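J.: structure here, sequence nowhere to be found:
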């Protein structure tokens, strides 16, 4: 009985590794090439991007990253895996990148099978697979078994620490993160706080690459800016501005409480009706005459004008590494008041103003705002898409 079991196990393993060899040979990106020697090879590198809703980018840090990566003039052919549920127009190509659609949503619980199916379809024919996030990382051991591709994973902002997830989801995300770190050839951290966490938790170095934000800069005449401000019933430099997903870890309740207590005029843009947390805040604070709670705004011209004419920007994110919205705000040289966590201090190089609760924020808000051109200089130095794209291409 034991001998039979051993023979069966050995036979299965042998078949598995034979299949692995055949699959890797058939899907080798260099299959058919006269020489396997890579030195001097001129064919484009083939890179698959997994883990975004897709492009053209509509909203989100990873989507914007994919959007500006594929603008590359380098010798790279990109394929971006997209959600057919989130991208109803479904173009086949965008800015030269090939788009492949998966019939699932890219966020929520569906993000796990969405990423896994994307990885399965990316097993063959690519030199590098760029994985954005860890939702489907549990599949990476199998992917590595069958694929020759280099795996580069951006582990995002420690998803397992977000309050919106339950215990089981947090456990799974922590496990996925661990698998991603172990089975990726290269790990990308978007913030020094994340890079330090990876070293302390997994004893592994990662590449530090943040996000770009200069896409928010638009050329808009003063007359057009005044028209847009009038649409929102605003005048220049008389209001504070906040923009984010309405989630507990973004401390929206602290910002709203401080605005109510201080009496400052606040425009707060977010998806208020998507969660019980948002709906509760909306019912409590919409009645304040100095607070305007606005639904999401996606028009780049409007967002430019709202940021450019605000007296200050309020940023409550407590998780997520380098937050794209904070990077974007830095380009305007306004006063930035950010929640006091290592990620925000690292992103702003300690040059912003920081708060820890509604009381400390209320005190800050009673003071006159002051422009902060140092933050704009930092943004132009560290967070342009040309800079970010070049760093990614060196890895890809």
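T.: Structure's in. What do you need? The model shown is predicted, which means the values in this text are computed figures rather than measured ones.
J.: which residues touch residue 378?
T.: By CB atoms under 8 Å, 6 or more residues apart in numbering, the contact set of residue 378 is 330, 348-349, 351. The way it works is simple: take the backbone N, C-alpha and C, and place the C-beta from them, glycine included.
J.: meant to ask about residue 336
T.: With CB under 8 Å, 6+ apart, residue 336 has these contacts: 312-313, 315, 326, 329-330, 348, 352-353, 372, 375.
J.: which secondary structure element is home to it?
T.: strand 335-339 (DSSP states H and E).
J.: buried stuff in that strand?
T.: 335-339 (16 or more other CB atoms under 10 Å).
J.: could you dump these into CSV with distance to residue 229 and pLDDT added?
T.: Formatted as CSV, the buried residues of strand 335-339 follow (distance: CB to CB, whole Å; pLDDT from 0 to 100):
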residue, distance to residue 229, pLDDT
335, 19, 97
336, 20, 98
337, 22, 98
338, 25, 98
339, 27, 97
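J.: so which of the residues you listed comes closest to residue 141?
T.: Closest approach to residue 141 among the buried residues of strand 335-339 (CB to CB): residue 339, at 36.6 Å.
J.: right, and the closest one touches residue 357 too?
T.: No - look at residue 339 against residue 357 with CB atoms under 8 Å: they stay out of range, at 9.5 Å.
J.: what sits in contact with each of these two?
T.: residue 254.
J.: low-confidence ranges, the stretch 151-300 of the chain, go.
T.: 157-166 (pLDDT under 70).
J.: tell me where it has helices.
T.: For the stretch 151-300 of the chain, the helices defined by DSSP state H, counting those that start in this stretch cover 167-183, 192-202, 222-231, 252-262, 276-285, 300-308.
J.: comparing those, which comes out most buried?
T.: helix 252-262 (a mean of 21; mean count of other CB atoms under 10 Å).
J.: how about residues contacting that helix?
T.: 240, 242, 244, 246, 266, 268, 270, 277-278, 281, 284-285, 288, 290-291, 314, 316, 339, 355, 357-359, 361-362, 365-366.
J.: among these, the buried ones, what's the PyMOL command?
T.: Selecting the buried subset of these in PyMOL, with 16+ other CB under 10 Å as the burial test, is done by:
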select buried, resi 240+242+244+246+266+268+270+277+278+281+285+291+314+316+339+355+358+361+362+365
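J.: so which of the contacts of helix 252-262 are in strands?
T.: Among the contacts of helix 252-262, DSSP state E puts 240, 242, 266, 268, 291, 314, 339, 355 in strands.
J.: contacting residues for the last one?
T.: What that stands for is residue 355. Contacts for residue 355 (CB under 8 Å, 6+ apart) come out as 254, 258, 337-340, 361, 364.
J.: one more pass at 7 Å, please.
T.: Neighbouring residues of residue 355 by CB atoms under 7 Å, 6 or more residues apart in numbering: 337, 339-340, 361, 364.
J.: what's the separation between it and residue 272?
T.: As judged by CB to CB, to the nearest Å, residue 355 and residue 272 stand 22 Å apart.
J.: follow-up on the earlier one: residue 58: which of the contacts of residue 355 is nearest?
T.: Closest approach between the contacts of residue 355 and residue 58, by CB to CB: residue 339, at 26.1 Å.
J.: right, and the closest one touches residue 250 too?
T.: No - the criterion here is CB atoms under 7 Å, and residue 339 misses it with residue 250 at 8.4 Å.
J.: now list whatever residues contact both of the two.
T.: Joint contacts of residue 339 and residue 250 (CB under 7 Å, 6+ apart) are 316-317.
J.: pop the domain breakdown of the chain in here.
T.: Taking automatic domain parsing as the domain assignment, the ranges for the chain are 41-209, 218-382.
J.: nearest to residue 395, out of those?
T.: Closest approach to residue 395 among the domains of the chain is made by domain 41-209 (5.5 Å; CB to CB).
J.: show me where the protein has strands.
T.: Using DSSP E, strands in the chain cover 45-50, 76-83, 93-94, 97-102, 128-132, 150-154, 186-189, 207-208, 240-243, 266-269, 291-294, 312-315, 335-339, 353-355.
J.: adding distance to residue 384, write those out as CSV.
T.: Putting the strands of the chain into CSV (distance: least, CB to CB, whole Å) gives the following:
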stretch, distance to residue 384
strand 45-50, 20
strand 76-83, 19
strand 93-94, 21
strand 97-102, 21
strand 128-132, 20
strand 150-154, 18
strand 186-189, 18
strand 207-208, 16
strand 240-243, 21
strand 266-269, 24
strand 291-294, 28
strand 312-315, 19
strand 335-339, 18
strand 353-355, 24
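J.: single out the most deeply packed of those.
T.: The highest average neighbour count among those, using mean count of other CB under 10 Å, belongs to strand 312-315 at a mean of 27.
J.: partners of that strand, with directions?
T.: When sheet partners are counted by DSSP bridges, strand 312-315 sits next to strand 240-243 (parallel), strand 335-339 (parallel).
J.: would JSON lines of those with distance to residue 381 be doable?
T.: Listed next are the strands paired with strand 312-315 as JSON lines, based on distance: least, CB to CB, whole Å:
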{"stretch": "strand 240-243", "distance to residue 381": "23"}
{"stretch": "strand 335-339", "distance to residue 381": "16"}
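J.: right, and the ones you listed - which one's nearest residue 99?
T.: Here strand 240-243 is closest among the strands paired with strand 312-315 (CB to CB), at 28.0 Å.
J.: ok, the closest residue to residue 266 other than its chain neighbours to residue 292 distance?
T.: For residue 266, ignoring the flanking residues on the chain, the nearest one in space by CB to CB, 6 or more residues apart in numbering is residue 259 at 4.2 Å. Noted for residue 259: a distance of 10 Å to residue 292, by CB to CB.
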